[in-house]
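Visitor: show me the folded form of this:
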Amino acid sequence: MKSQRLEAALGHRFGRPELLRQALTHRSFGSPNNERLEFLGDSVLNCVVAAALYSSFADLKEGELSRLRASLVRQETLANIALGLNLGALLHLGEGELKSGGTGRPSILADALEAIFGAIHIDAGFDAARAVIERLYGPAMARIDPDDAGKDPKTALQEVLQGRHLPLPRYDLLATYGEAHAQEFEVECVIPDLDIRCTGRGGSRRIAEQQAAQRAMVEIKP
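Guide: Residues are numbered from 1 along each chain as shown. The predicted model follows:
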């Protein structure tokens with residue numbers, strides 16, 4: 001039933017359901033897992049996003065288009081879309097990953113979503129995968145401001161707050177998960193004057209801070 005809700009949210013019903021299961025299977029759970037599908041899905045995603053940006057922003061140069069594409073296909077963006085799909089509840093993870101909070105880990109969520117794109121490509125072809133990606137990325141594409149091309153979330157947030165003559169945000173380390181060789185960091189972005197507190201997680205403190213800043217940007221009222 002959960003997989004049917006996911007298919008409805010994706011707008012794609014799998015002719016080969018085993019592909020979806022594989023896309024949701026982390027290597028810690030066993031084999032077959034989603035690593036090869038993630039490799040394929042990453043390429044499909046980059047192609048679809050590049051084509052969409054090329055069509056939508058005819059005046060942008062190659063470097064600006066590349067920076068916009070990077071912002072759309074990065075781990076934080078993928079993980080946020082995956083969270084919106086409640087993907088974590090559907091993942092097949094090994095016991096260790098489950099205990100360490102793998103269902104909410106941005107890297108695992110991002111890889112699983114890319115694997116789903118790869119699975120759809122195998123299941124029904126490139127056009128089907130493109131339709132799903134364009135549907136999921138519609139809101140993010142609509143929010144693109146070409147003037148902000150290449151600005152990371154922390155820089156963009158800082159500029160917004162400075163424009164309102166507000167103090168800069170504070171980034172607090174809340175927790176560190178996992179072994180030393182594969183740690184995940186949880187950071188909170190705090191903006192007291194706006195009563196905003198947003199968390200982010202990532203494989204480095206910097207990535208976690210960027211994700212927290214990105215979520216804080218969404219919370220700021222126009």
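Visitor: the residue nearest to the spatial centre of the chain: which element?
Guide: For the chain, the residue nearest the mean C-alpha position is residue 78 (1.6 Å; CA atoms, centre = their mean). Using DSSP states H and E, residue 78 sits in helix 75-84.
Visitor: helices or strands up against that helix?
Guide: With contacts defined as 3 or more CB pairs under 8 Å, 6 or more residues apart in numbering; DSSP states H and E, helix 75-84 has these neighbours: helix 106-124, helix 126-142, strand 196-202, helix 205-219. Just so you know, the C-beta spots here come from the backbone N, C-alpha and C atoms, and that holds for glycine as well.
Visitor: domains for the chain, by residue range?
Guide: Segmentation of the chain into domains, based on automatic domain parsing, reads 2-146, 153-219.
Visitor: just the buried residues of stretch 159-167, please?
Guide: The neighbour-count check on stretch 159-167 (16 or more other CB atoms under 10 Å) flags residue 161 as buried.
Visitor: how long is it end to end?
Guide: Length of stretch 159-167, first residue to last, CA to CA, to the nearest Å: 11 Å.
Visitor: what's next to that stretch, contact-wise?
Guide: The contact list for stretch 159-167, computed with CB atoms under 8 Å, 6 or more residues apart in numbering, reads 151, 168, 169, 191, 192, 193, 194, 217, 220.
Visitor: can you put those residues in TSV and add secondary structure, pLDDT and distance to residue 122?
Guide: Converted to TSV, the contacts of stretch 159-167 look like this (DSSP: H, G, I helix; E, B strand; the rest coil; pLDDT from 0 to 100; distance: CB to CB, whole Å):
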residue	secondary structure	pLDDT	distance to residue 122
151	coil	67	36
168	coil	93	46
169	coil	95	42
191	strand	96	44
192	helix	94	49
193	helix	92	50
194	helix	93	45
217	helix	86	35
220	coil	82	40
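Visitor: out of these, which is nearest to residue 136?
Guide: Comparing these against residue 136 with CB to CB places residue 217 closest, at 19.2 Å.
Visitor: wait, that closest one sits on residue 156?
Guide: Yes - counting by CB atoms under 8 Å, residue 217 does reach residue 156; the two are 6.3 Å apart.
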